[in-house]
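Peer 1: The sequence isn't on hand, but the structure is:
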Ligand SMILES: [Fe+2]
């Protein structure tokens, strides 16, 4: 049952106007907008739907008393794959079918999850070009300013889960839905990728004592320039960063996080680790840390990354 990617996100939001402005500033294409919602799309055909948080069509969420993500829809290869997932899920939970053929159910932590056949957009990616010593990929070409980021795709989602039952929550995705484990920190969190993806993670389940909730959704941009110029534009529009820019240790991706009025954070990311089934999952007894490096936060002294190794 090859699941490829995050196909769609559905938020329930308290302030629809603010949420819509946020995602416009973030750089997604606004496809539809009305008093009762907004729909955005990435160049690769993934969708982000914003609905009023009291919309009766929204499924409940563990942290649904405030603006948050109410459903994650995973994209699969074919209608046959969808049927295989429906049969697997129906073994021990209710499965609801929508008019468009998609199905939805609930995971072990109480998050609503859906499955739909992927609708990939036809996007051509031009690789960033760099100059180094005698190697000039960018001969006679200057670096252009970017007024606003234009994320290519939605790469991953991150949820908090309760420590109790965390093994079961992770096993649901790996053993029932075919996700691969990339990195795991004992008692802390598990990075997983879809069977049809080479991203270091499309899903990260992060344990916290106060229980389940949405953490962030991450959007891939071309390079660090786009992270920095896109982030500067977000700040100019009044949106607050949640971190300074940096490069993660697990996943190796460059990042910058912002606080989303729709719930949780969004992350611009670039240059994440890619892996296939030759990758041996790493099990860490102790967290190797958050960042290889990060730009100094005036509110928090920077700390060098721990030089720990996986067990
Ligand atoms: Fe992330």
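Peer 2: Nice, I can see it. These numbers come from a predicted model, not from an experiment.
Peer 1: Which secondary structure elements does the strand or helix carrying residue 80 sit against?
Peer 2: For residue 80, the host element (DSSP states H and E) is helix 79-89. Helix 79-89 is packed against strand 103-106, strand 112-117, with contacts defined by 3 or more CB pairs under 8 Å, 6 or more residues apart in numbering; DSSP states H and E. Heads up, the C-betas are built off the backbone N, CA and C, glycines and all.
Peer 1: got the angle for the longest one vs helix 79-89?
Peer 2: Angle, strand 112-117 to helix 79-89, by axes from the mean of the first three to the mean of the last three CA atoms, to 10 degrees: 150 degrees.
Peer 1: I'd like to know which elements strand 112-117 is packed against.
Peer 2: strand 3-13, strand 68-76, helix 79-89, strand 103-106.
Peer 1: Nearest to residue 232 among the ones you listed would be which one?
Peer 2: When those are compared for distance to residue 232 using CB to CB, the nearest one is strand 3-13, at 24.8 Å.
Peer 1: what are the pairing partners of that closest one, and which direction each?
Peer 2: Note on strand 3-13: by DSSP bridges, its sheet partners are strand 47-52 (parallel), strand 68-76 (antiparallel).
Peer 1: Let me know the next secondary structure element after it.
Peer 2: helix 16-26.
Peer 1: In that next one, which residues are buried?
Peer 2: 16, 19, 20, 21, 22, 23, 24, 25, 26 (16 or more other CB atoms under 10 Å).
Peer 1: Tabulate the strands paired with strand 3-13 in TSV, adding columns for mean neighbour count.
Peer 2: Compiled in TSV, these are given as follows (neighbours: other CB atoms under 10 Å):
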stretch	mean neighbour count
strand 47-52	22
strand 68-76	24
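Peer 1: Where does the chain get nearest to the ion, residue-wise?
Peer 2: residue 218 (4.0 Å; CB to the ion).
Peer 1: Quickly find the element holding that residue.
Peer 2: With DSSP H and E as the test, residue 218 turns up in strand 213-220.
Peer 1: sorry, back to before: make a markdown table from the strands paired with strand 3-13 and add mean pLDDT and distance to residue 154 to it.
Peer 2: Converted to a markdown table, the strands paired with strand 3-13 look like this (pLDDT from 0 to 100; distance: least, CB to CB, whole Å):
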| stretch | mean pLDDT | distance to residue 154 |
| --- | --- | --- |
| strand 47-52 | 98 | 7 |
| strand 68-76 | 98 | 10 |
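Peer 1: follow-up on the earlier one: who touches the strand holding residue 218?
Peer 2: 6, 9, 26-28, 42, 61-63, 68-69, 111, 149, 151-160, 204, 206, 255, 257, 260, 263-270, 272 (CB atoms under 8 Å, 6 or more residues apart in numbering).
Peer 1: Tell me the helix or strand right after it.
Peer 2: helix 224-236.
Peer 1: Which SSE is immediately downstream of that next one?
Peer 2: Once the chain leaves helix 224-236, the next helix or strand it forms, by DSSP H and E, is strand 246-248.
Peer 1: Which pLDDT does the model give the residue in the chain sticking out farthest from the centre?
Peer 2: For the chain, the largest distance from the centre (CA atoms, centre = their mean) belongs to residue 134, which lies 37.6 Å off. With respect to pLDDT, residue 134 scores 95.
Peer 1: go on, residue 290?
Peer 2: The model reports residue 290 with a pLDDT of 94.
Peer 1: Would you enumerate the residues in contact with it?
Peer 2: Applying CB under 8 Å, 6+ apart, the residues near residue 290 are 246, 248, 249.
Peer 1: Could you export the residues you listed to TSV, including columns for distance to the ion, pLDDT and neighbour count?
Peer 2: Output for the contacts of residue 290, formatted as TSV (distance: CB to the ion, whole Å; pLDDT from 0 to 100; neighbours: other CB atoms under 10 Å):
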residue	distance to the ion	pLDDT	neighbour count
246	12	97	20
248	8	97	22
249	12	97	18
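Peer 1: wait, which of these is closest to residue 99?
Peer 2: residue 248 (39.8 Å).
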